Each structure stands twice: as structure tokens, then as C-alpha cells.
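Engineer: Kindly generate the corresponding structure for this input.
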Amino acid sequence: MNVITTFDAKRREKQIKHERTLLREISIKMLQESVKKHFGQMKIQGGVYMQQGFDEACYDVAIEAYLLGGKISKFGLRGEGMDQVKLRCDEEMKHLIDTLYNFWLYWSEIGVSNSIDESFYYSCEYFVENWWTEGFTNGMKRHKLRLH
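Structural biologist: Model prediction:
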């Protein structure tokens with residue numbers, strides 16, 4: 001007797017396999033260095049214990065942006081430029097940027113002046129776009145080498 005599987009289950013299985021292969025390309029050390037580079041100067045309410053929680057939140061957003069770039073990289077092989085492909089997932093990237101910014105805004109000692117808040121928003125935006133680009137280029141490389 002044959003086992004009947006649904007299209008959604010097969011698609012989810014394939015997506016998980018693709019994400020696992022993409023995640024092999026990055027390391028915790030890369031994530032730590034990126035967070036330190038982008039957000040090392042920010043003060044956090046709660047001290048060192050809370051800093052670990054913030055770092056983990058940044059790691060989560062970085063991984064999501066990385067996977068989003070890797071998932072959408074297939075359109076780059078079909079002749080679209082990076083900017084055109086980025087427009088395809090503009091809404092998801094905006095959500096990731098806003099999530100990270102609001103998280104940091106709530107728990108950090110920002111909020112004193114609007115210029116600091118605005119510059120920090122740009123830092124969050126650059127952080128997410130940096131990881132999206134990393135995922136996009138690694139995804140393109142995997143597609144070109146037929147490792148997908």
C-alpha cells in the first residue's frame with residue numbers, strides 16, 4: 001500500500017532541507033562579530049545578563065534575513081538584478097528591520113533624542129540588509145554549483 005503525502009508536506013520538507021544546507025555556511029562566531037560591529041556601542045538596561053538576550057534576538061533576526069536572501073536567490077539566476085530581487089521581499093525585510101529596531105528601542109537606553117533613534121534605525125536596516133545580501137550571495141553560489 002502506498003503512502004499518500006500532500007504537496008504542502010513535500011514543499012515544507014524541501015524548504016527545511018534547503019535551509020539546513022544554507023545554515024551550514026554561517027557560524028556563531030560570524031553572528032557575534034556582526035552584532036558587535038553593528039550594535040557594540042549601545043547601552044542596555046539590565047546589564048550583562050540582558051545583553052545575552054539582545055545578542056540572541058539579533059542572531060534570530062540575522063538568521064531570518066539570511067534565510068530570506070537564500071530562499072529568494074533563485075530569482076537572481078533567472079536574470080533579475082539584486083535590487084529587483086530585493087524588491088520582491090521588501091515587506092519581509094521591513095518587518096525584520098522594524099522588529100529588531102522596536103526590540104532594541106524598548107530595552108535599550110535610547111529614546112533620549114530623535115537623532116540617535118534615527119541613526120539606530122539605520123544601523124538595524126544595514127544589519128538586516130547585510131545578512132540578506134550574505135544569504136543571497138551564498139544562495140546564488142549554491143545554485144550555480146548545483147548544490148541546492
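Engineer: Tell me the spacing between the closest residue to Leu67 other than its chain neighbours and Arg78.
Structural biologist: Counting by CB to CB, 6 or more residues apart in numbering, Leu67 lies nearest to Glu19, which is 5.5 Å off, once chain neighbours are set aside. For every residue, glycine as well, the C-beta is placed using N, CA and C. As judged by CB to CB, to the nearest Å, Glu19 and Arg78 stand 21 Å apart.
Engineer: For those two, indicate the residue with more neighbours.
Structural biologist: Per other CB atoms under 10 Å, whichever of Glu19 and Arg78 has more neighbours is Glu19, with 14 against 8.
Engineer: Report the secondary structure state of Arg146.
Structural biologist: In three-state terms, and counting by DSSP: H, G, I helix; E, B strand; the rest coil, Arg146 is coil.
Engineer: meant to ask about Ile26, not that
Structural biologist: Ile26 ends up coil, using three-state DSSP.
Engineer: Now do the SS call for the nearest residue to it once chain neighbours are set aside.
Structural biologist: When the adjacent residues along the chain are set aside, Ile26 lies closest to Tyr66, with 6.4 Å between them (CB to CB, 6+ apart). Here Tyr66 is recorded as helix under three-state DSSP.
Engineer: Distance of the residue positioned nearest the centre of the chain relative to Phe127?
Structural biologist: Closest to where the C-alpha atoms of the chain average out (CA atoms, centre = their mean) is Ala65, at 1.9 Å. When distance is defined by CB to CB, Ala65 is 8 Å away from Phe127.
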